[in-house]
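Provided below for reference: sequence and predicted model.
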Number of protein chains: 4
Amino acid sequence: MGEALSAAWMERVFESTKNWGRWGERDERGALNFITPERRAAAAALVRDGVAVSCARDLPVTASAENPQPALHHMLVAGDDVEALGIPGLGATMDFIGVAFHGMATSHIDALCHVAVGGRIYNGFPVTDVRSTGARRDSIMVAADGIVGRGVLLDVPRLRGVEWLEPGERIEPEELERAEATQRVRAGEGDVLLVATGRDARRAAKGPWDPNGVGLAGLDPRCIPWLHERRIAVLGGDGVSDALPGAGIAGWPIPVHQCCLVGMGVHLLDNLALAELARACAERGRSEFLLAVAPLRVPGGTGSPVNPIALF
Amino acid sequence: MGEALSAAWMERVFESTKNWGRWGERDERGALNFITPERRAAAAALVRDGVAVSCARDLPVTASAENPQPALHHMLVAGDDVEALGIPGLGATMDFIGVAFHGMATSHIDALCHVAVGGRIYNGFPVTDVRSTGARRDSIMVAADGIVGRGVLLDVPRLRGVEWLEPGERIEPEELERAEATQRVRAGEGDVLLVATGRDARRAAKGPWDPNGVGLAGLDPRCIPWLHERRIAVLGGDGVSDALPGAGIAGWPIPVHQCCLVGMGVHLLDNLALAELARACAERGRSEFLLAVAPLRVPGGTGSPVNPIALF
Amino acid sequence: MGEALSAAWMERVFESTKNWGRWGERDERGALNFITPERRAAAAALVRDGVAVSCARDLPVTASAENPQPALHHMLVAGDDVEALGIPGLGATMDFIGVAFHGMATSHIDALCHVAVGGRIYNGFPVTDVRSTGARRDSIMVAADGIVGRGVLLDVPRLRGVEWLEPGERIEPEELERAEATQRVRAGEGDVLLVATGRDARRAAKGPWDPNGVGLAGLDPRCIPWLHERRIAVLGGDGVSDALPGAGIAGWPIPVHQCCLVGMGVHLLDNLALAELARACAERGRSEFLLAVAPLRVPGGTGSPVNPIALF
Amino acid sequence: MGEALSAAWMERVFESTKNWGRWGERDERGALNFITPERRAAAAALVRDGVAVSCARDLPVTASAENPQPALHHMLVAGDDVEALGIPGLGATMDFIGVAFHGMATSHIDALCHVAVGGRIYNGFPVTDVRSTGARRDSIMVAADGIVGRGVLLDVPRLRGVEWLEPGERIEPEELERAEATQRVRAGEGDVLLVATGRDARRAAKGPWDPNGVGLAGLDPRCIPWLHERRIAVLGGDGVSDALPGAGIAGWPIPVHQCCLVGMGVHLLDNLALAELARACAERGRSEFLLAVAPLRVPGGTGSPVNPIALF
């Protein structure tokens, strides 16, 4: 921690953790390449009691301080007109959902094309390949067969003995390692690493707040080389992995997003619900599980709302 | 097959296969109750080589004969204006998806409230509990923790030695049993049963067609008692499980939907992509796998688009 | 003002100003019946200098304190992919708009089916005729040929010599009459009456605020009999005509909406932009003009976003 | 008609009818500049009997051969849950509308930024100014105060003594002049010219058809210099003004759109409903009227759905 978090430092980190070309010049999967069939099989072998836990929040259909763009849930036919289809005997109800899933409230996955640094997306493709008609590179379709592998939860509030981290607090890599030690788990190659900050507990206690104004707990930029070294495949959290406000490095407002998505090719899971998962881990005294993330198959999409399921 | 497919017969089938009250008067989970943690764990134990296969079609964003209500995929910020958020250094692209997912093209799950018979939904709740503001009973939220269990694929085209079944063809229970025998698998309590009819292959060869006009291959109503007896938890297919046009029974236009969703409490997976899954099964000489279905958490929803992932 | 604003008083007002049956038992047009062709022609004769002024705000696509449900404006094809249609030589850009137009930010018209009192909408139809699949009675389609007639603006801030009325302030009928006297105009049969409260000026000065929390200036319920007596056809304002919070009459949270839409059959124009119109009136020393309101033709709709145009 | 419809001819027409710079280098209003206040006042003076006629079709919410992208009309709260807002005494119903209004079924106005020729939009701005986040030039906001002026209807089926023109038929300028002579009207500077082809009558008789496949009647490209000479302000029709399929000129698939929007700066009104208007004109023996078009105020929009109202 002796080194200051300068822009020069961030640029060195970005360059030194960059996986461009690592899996070929045309690769669009990035660190998903770390999740081999063998690792998936090994993750499935972790399942013991068969309990399934959702890591997603409910679709946020009402506006709140954290959610200026509520999702749309519109009933198309309800029980008041159940024979609207006009087929004798057939009663059917139907609905529509619509969501601008990026932001601070919907549980979602970021595709690698979601963020650009210096006009480039993962593997060096120009961000102009992300057209108004859809992304031609690094879209969510690289995860069309789902992301299934070993999930590891690091529960920082539990480590600290608090209910939640305050908005803006930053977690350093040493703390992640202490959590690993306490929880007797080690995040490694091909893992989906989830880091809990207690956001759900704070919201339950204090109501929703504006992450852009008030902030969110998250990872210190010093975690970036650590994530790279560990070769994790996907990173997720109950916030947005980045701490907000950030470390104040000019040009690097959300360095974890910038380095993970653009440099390393690490997909991100944002706004997860981790309270139940944390409980499930604590009860069992284990912090690894089979995790299945199944993005919708959106050609050209910059991500997808998801409901990741952990299986113990 | 000695008994004619009359309305009286259908009513007897509906009544005799009805699970109302089976899991309590207030139950909204229906046959999902068959998926116990033990069965989930046993399903995970099926995983060997760790290969993951998606069972979903791409989100259908263009109109076609089978899809009069294309899904919306709208880019909100593309690479041409990547700094639109106005945060120095931050390039971000974003999109919106919207979908009326019921219908004949989107891979989706039907919640139990999606269909009513005689003004009632599963477990006897009045369909008027499905309000214009959302379903108060039998919504997709009962599957909020995902549906994870043993998947079984029965591949009828393979059994028949054809590429696909023609629209309107109906599969009888005896044929399902022949498929089981050939594939050396038996659908049983708590399974997610998927039945392939080769719809993808036919579309690839002949282009999309209108299922309401031209029809879809599916299950004969005689399969309903068989499904009940086997205690399957969830039924899915590359069509909509029902054959279209139906068997012509007055008041029972889609008897599989009507009996599964309303009577038995069996959730349905419609419009899946099963060609790749069928290939994966055939190659391995096995037809069972771990299946993870993760509906979006839509409070009051009548279902969800999904991307079910099979793990071998 | 001697009489207290009790629920009993409101009920008497509702009953005594009710136009149910006035234009026949099946009428769905309500006070639009006051706008005869002769009145339209007379309104057109008011036009002198040919200057047109919009009375609408921009479609509110960003969230704000007054707008928890931003409208959607999505570019479908932008200039970065202008040949996406694949027709040689053809460059085209396209967009999508979507809006839940009721609320506190979009300039819109309320159809008569938008509000119910005691389970009834205008002319006594049951509100259950407004189905999840669309309104079968009192929909916006009664205004499909537009609302064109004499517009009259009463400018209360000008009368008071202030820039704006404070949220919650209520305008009494005597004040409307003083405004008439000062502006030398008299609102009468078949007119579209617009009442300015200076909301735009206050927003420009202080930023947007939450009308549900902070309030909005509007008409005192005592104006209701006055509106009835004057036989106005349509009422509009820069707020929502009702003062918020209301007068605190139990069961009558928005009495102007309740009496106008349900009882009198008077359509309402909400959230207009009246600053420019007020200026145009003041400059000319006249407060009447031809007004054209052209709702979108939405079968079964409860209203429409509109851009009313005043012509001087 | 001696000159062949070659690409070279079209280029000459485009260049010779181009109004770039005519109203200044920064102008974005184009031929709307022809509609002066004086002309608006003169148009208002045309009003005699005060009858108003809508020129719009109903919002097309169901898919059809002409409409692969149905508009969305979603009830948010219907009469089955009318107290959903939770305010005692307040019953309210609400809905949402969404529409990708360009295309062949929604009555709409094209902003000048909707089409590009050679990478340029009206007045020479680069089409890349139309961003994924909205148009920065030539958006529909130039018509924010509405388009109010003299409307002129030329009724070609009436001239020909037929109910409708067949898809693909092209109207030449001589025929427009014959219609003028017969109808005793002359389209001139600042007019909104509407040309009827009987599309509504054909649809009523034969059902909807696919304009891209089957075609649409419209103006021959030879009309373009005529439109320019007449200095019309806006052009509209019951089709899309262009005949489909076009005249087969390489690079000019929809020359009327290309020359009007890009070159001349003439806004277009597409997919109008003109049957009722034609009847109103025929009955009165006059073909001019006050026309009010009120686009929604969509900042950065490429157009708007509209309901133009004619006043006689």
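Nice, thanks for sending it over.

in chain A, which spans are helices?
A:7-16, A:37-44, A:156-160, A:173-183, A:199-206, A:223-230, A:255-257, A:275-284 (DSSP state H).

buried residues in the last one?
By neighbour count, and taking 16 or more other CB atoms under 10 Å in any protein chain shown as the criterion, the buried residues in helix A:275-284 are A:A275, A:L277, A:A278, A:A280, A:C281. Backbone N, C-alpha and C define where each C-beta goes, glycine included.

related to what we said a few turns ago, deepest of the helices of chain A, which one?
When those are scored by mean count of other CB atoms under 10 Å in any protein chain shown, the highest mean neighbour count falls to helix A:255-257 (a mean of 26).

what mean pLDDT does that helix have?
For helix A:255-257, mean pLDDT rounds to 98.

pLDDT at the residue nearest to the spatial centre of chain A, what is it?
The centre of chain A sits closest to A:L269, judged by CA atoms, centre = their mean, with a distance of 1.0 Å. Per-residue confidence (pLDDT) for A:L269: 98.

just give the closest residue to it, not the sequence neighbours.
What sits nearest to A:L269 in space, not counting adjacent residues and going by CB to CB, 6 or more residues apart in numbering or on different chains, is A:G236, at 2.9 Å.

quickly list what the one you found is bridged to.
A:L194, A:L269 (DSSP bridges).

now the helices of chain A in TSV, with distance to chain B?
Formatted as TSV, the helices of chain A follow (distance: least, CB to the nearest CB, whole Å):
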stretch	distance to chain B
helix A:7-16	9
helix A:37-44	3
helix A:156-160	22
helix A:173-183	22
helix A:199-206	14
helix A:223-230	15
helix A:255-257	8
helix A:275-284	9
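
so which residues on the stretch 1-150 of chain A come close to chain C?
A:62-63, A:68-70, A:75-81, A:84, A:98, A:128, A:131-133 (CB under 8 Å from any CB of the partner chain).

what is the burial count for the residue lying closest to A:C55 once chain neighbours are set aside?
Spatial nearest neighbour of A:C55, excluding adjacent residues (CB to CB, 6+ apart): A:P308 at 4.2 Å. For A:P308, the count of nearby residues is 28 (other CB atoms under 10 Å in any protein chain shown).

I'd say A:P308 and A:G236 touch.
Yes: at 7.4 Å, A:P308 counts as touching A:G236 under the criterion of CB atoms under 8 Å.

can you check which residues contact both of those two?
Residues touching both A:P308 and A:G236 (CB atoms under 8 Å, 6 or more residues apart in numbering or on different chains) are A:C55, A:L269, A:L272.

would you turn those into TSV with distance to B:R178?
Output for the shared contacts of A:P308 and A:G236, formatted as TSV (distance: CB to CB, whole Å):
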residue	distance to B:R178
A:C55	41
A:L269	44
A:L272	45
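
which residue packs closest to the residue of chain A most remote from its centre, ignoring adjacent ones?
Farthest-out residue of chain A from its mean C-alpha position, per CA atoms, centre = their mean: A:P88, at 46.0 Å. Excluding the flanking residues, the one nearest A:P88 by CB to CB, 6+ apart is B:G251, at 6.3 Å.

any low-confidence regions in chain A?
For chain A, the stretches with pLDDT under 70 are A:1-3.

tell me which stretches of the stretch 51-200 of chain A form strands.
A:52-54, A:72-77, A:91-92, A:94-99, A:108-110, A:115-116, A:130-131, A:134-135, A:147-155, A:170-171, A:192-196 (DSSP state E, counting those that start in this stretch).

output these in a markdown table; the columns should cover distance to A:A294 and mean neighbour count.
Below are the strands of the stretch 51-200 of chain A laid out as a markdown table (distance: least, CB to CB, whole Å; neighbours: other CB atoms under 10 Å in any protein chain shown):
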| stretch | distance to A:A294 | mean neighbour count |
| --- | --- | --- |
| strand A:52-54 | 12 | 22 |
| strand A:72-77 | 20 | 25 |
| strand A:91-92 | 26 | 24 |
| strand A:94-99 | 16 | 25 |
| strand A:108-110 | 10 | 27 |
| strand A:115-116 | 22 | 26 |
| strand A:130-131 | 23 | 27 |
| strand A:134-135 | 19 | 26 |
| strand A:147-155 | 8 | 26 |
| strand A:170-171 | 28 | 22 |
| strand A:192-196 | 13 | 27 |
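
tell me which of the helices of chain A sits nearest to D:E172.
Nearest to D:E172, of all the helices of chain A, is helix A:255-257, at 59.4 Å by CB to CB.

how many residues are close by the residue nearest to A:L269?
A:G236 has 29 neighbours, counted by other CB under 10 Å.

OK, contacts around A:V142?
A:V142 is in contact with A:E28, A:R29, A:G30, A:L32, A:A111, A:L112, counting by CB under 8 Å, 6+ apart.

also A:A105?
If a contact means CB under 8 Å, 6+ apart, then A:A105 has A:R57, A:P60, A:S64, A:E66, A:N67, A:P208, A:N271 as its contacts.

again, 6 Å this time
A:P60, A:E66, A:N67, A:N271 (CB atoms under 6 Å, 6 or more residues apart in numbering or on different chains).

now the first one. Its backbone dihedrals?
Right, the one you point to is A:P60. The phi/psi pair for A:P60 (degrees, to the nearest 10) reads phi -80, psi 90.

so it is in contact with A:N67, correct?
Yes: contact criterion CB atoms under 6 Å: A:P60 and A:N67 qualify, at 4.8 Å.

more neighbours: these two, which one.
A:P60 (24 against 21).

setting aside sequence neighbours, what's the nearest residue to the more buried one?
Nearest residue to A:P60 in three dimensions, chain neighbours excluded: A:A105, at 4.1 Å (CB to CB, 6+ apart).

check the gap between that neighbour and A:V240 for me.
Separation of A:A105 from A:V240 (CB to CB, to the nearest Å): 11 Å.

do A:T17 as well
From A:T17 to A:V240 the distance is 19 Å (CB to CB).
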